[in-house]
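Asks: build me a structure from this.
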Amino acid sequence: MRRRYESLAASFMFTLFLGGCTDRDVRSDSIKPANSTDPGADPVTDQWLGQWTGPEGTFLRLEGGQGKYQITIQDLDGPRTYQGAAAGPQIQFDRNGEKESIRATNGVETGMKWLRDKSNCLTIGPGEGYCRD
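Replies: As a prediction, this is how the structure comes out:
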């Protein structure tokens, strides 16, 4: 008889233990996946606002914020302006019918020998990078 009470007591304690491991007040609609973006938070790309310098007088200027940007690219042919939007850790925009993206890199990843020693850069494509000192 004592063995039966010990077994029932152990089952009861186990049930209490398992029941204590759940939070019954959590609603499934209040749980956000780890990779979700808080709609009130500014995207990481907002930290890139301002001017970034390239070689030979070229630059990249980002204006705007909250995930919407005016992009000015000054190359050897002069400045051109595009509209862009945050897409995760990048800014995407259309240039001459091609989808382009701006991403954070270092100087080596720009593919440009003039920027090789830099650490805080943005790159559009190989050979098209801009850095801040």
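
Asks: which other helices and strands contact the lengthiest strand in the chain?
Replies: Longest strand in the chain, counting residues (DSSP state E): strand 78-87. In terms of contacts (3 or more C-beta pairs under 8 Å, 6 or more residues apart in numbering; DSSP states H and E), strand 78-87 is packed against strand 68-75, strand 90-95. (Glycine included, C-beta is placed from N, CA and C.)

Asks: partner strands of the longest one, with direction?
Replies: Put plainly, it is strand 68-75. Strand 68-75 has the following sheet partners, assigned by DSSP bridges: strand 59-65 (antiparallel), strand 78-87 (antiparallel).

Asks: neighbouring contacts of the longest one?
Replies: Looking back up the chat, that one is strand 78-87. For strand 78-87, the external contacting residues (C-beta atoms under 8 Å, 6 or more residues apart in numbering) are 43-46, 67-73, 91-95, 101-102.

Asks: if any of these are buried, put those into a ChimeraX selection.
Replies: Entered in ChimeraX, the line below selects the buried ones among those, by 16 or more other C-beta atoms under 10 Å:
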select :43,45,46,69,71,73,91,92,93,102
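
Asks: still on that earlier bit, residue 111: which of the helices and strands packed on strand 78-87 is closest?
Replies: Smallest distance to residue 111 across the helices and strands packed on strand 78-87 (C-beta to C-beta): 15.3 Å, for strand 68-75.

Asks: convert the C-alpha atoms of the closest one to PDB, please.
Replies: The C-alpha trace of strand 68-75 is given here as PDB (Å, rounded to 0.1, in the frame of the first residue of the first chain):
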ATOM      1  CA  LYS A  68      13.200  54.600 -47.900                       C
ATOM      2  CA  TYR A  69      16.200  56.300 -49.500                       C
ATOM      3  CA  GLN A  70      17.300  58.800 -52.100                       C
ATOM      4  CA  ILE A  71      20.600  57.500 -53.500                       C
ATOM      5  CA  THR A  72      23.000  59.800 -55.300                       C
ATOM      6  CA  ILE A  73      25.900  58.200 -57.000                       C
ATOM      7  CA  GLN A  74      28.600  60.600 -58.300                       C
ATOM      8  CA  ASP A  75      30.800  58.800 -60.800                       C
END
